[in-house]
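Engineer: Predicted model and sequence below, questions to follow.
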Amino acid sequence: MKIEAIERVFNYNGATLADPAAGMSPEAVRDFYSAMYPEITTATVEGPTERGGKFHYKFAKAVGTKA
């Protein structure tokens with residue numbers, strides 16, 4: 001028997017983001033990309049959904065108004 005890791009794909013605002021490390025949680029990946037995309041820190045994590053043998057996660061912008 002052979003165990004293979006399933007590749008993860010992250011999407012944010014129309015961009016595909018590479019998985020920085022397989023051991024990171026999706027929330028840690030979001031935090032990793034916060035230096036490049038500051039608004040991603042408030043994004044919610046949606047997924048995973050399986051497509052084409054890969055797990056797809058989406059970082060969705062938080063919707064609301066400033067108080």
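Structural biologist: Yes, it's here. If you're wondering where the values come from, they're calculated on a predicted model, not measured in any experiment.
Engineer: Find the centremost residue of the chain, please.
Structural biologist: Geometric centre of the chain, nearest residue: residue 10, 3.8 Å, by Cα atoms, centre = their mean.
Engineer: Roughly how far does the residue lying closest to that one once chain neighbours are set aside sit from residue 34?
Structural biologist: For residue 10, the nearest residue in space outside its immediate sequence neighbours is residue 17; the separation is 4.2 Å by Cβ to Cβ, 6 or more residues apart in numbering. In this view, the C-beta of every residue, glycine as well, is placed from N, C-alpha and C. If you measure residue 17 against residue 34 using Cβ to Cβ, to the nearest Å, the figure is 12 Å.
Engineer: out of those two, which sits in the busier spot?
Structural biologist: residue 17 (20 against 14; other Cβ atoms under 10 Å).
Engineer: What distance do you get for the closest residue to residue 22 other than its chain neighbours to residue 36?
Structural biologist: The shortest distance from residue 22 to any non-neighbouring residue, by Cβ to Cβ, 6+ apart, is to residue 5 (5.7 Å). Applying Cβ to Cβ, the value for residue 5 to residue 36 is 24 Å.
Engineer: hey, what's residue 11 bridged with?
Structural biologist: Here residue 11 sits in beta bridges with residue 16, residue 58, going by DSSP bridges.
Engineer: Contact partners for it?
Structural biologist: Residues touching residue 11, when contacts are defined by Cβ atoms under 8 Å, 6 or more residues apart in numbering, comprise 17, 56, 57, 58, 59.
Engineer: coming back round to it: surely the residue nearest to residue 10 and residue 24 touch.
Structural biologist: No - look at residue 17 against residue 24 with Cβ atoms under 8 Å: they stay out of range, at 11.9 Å.
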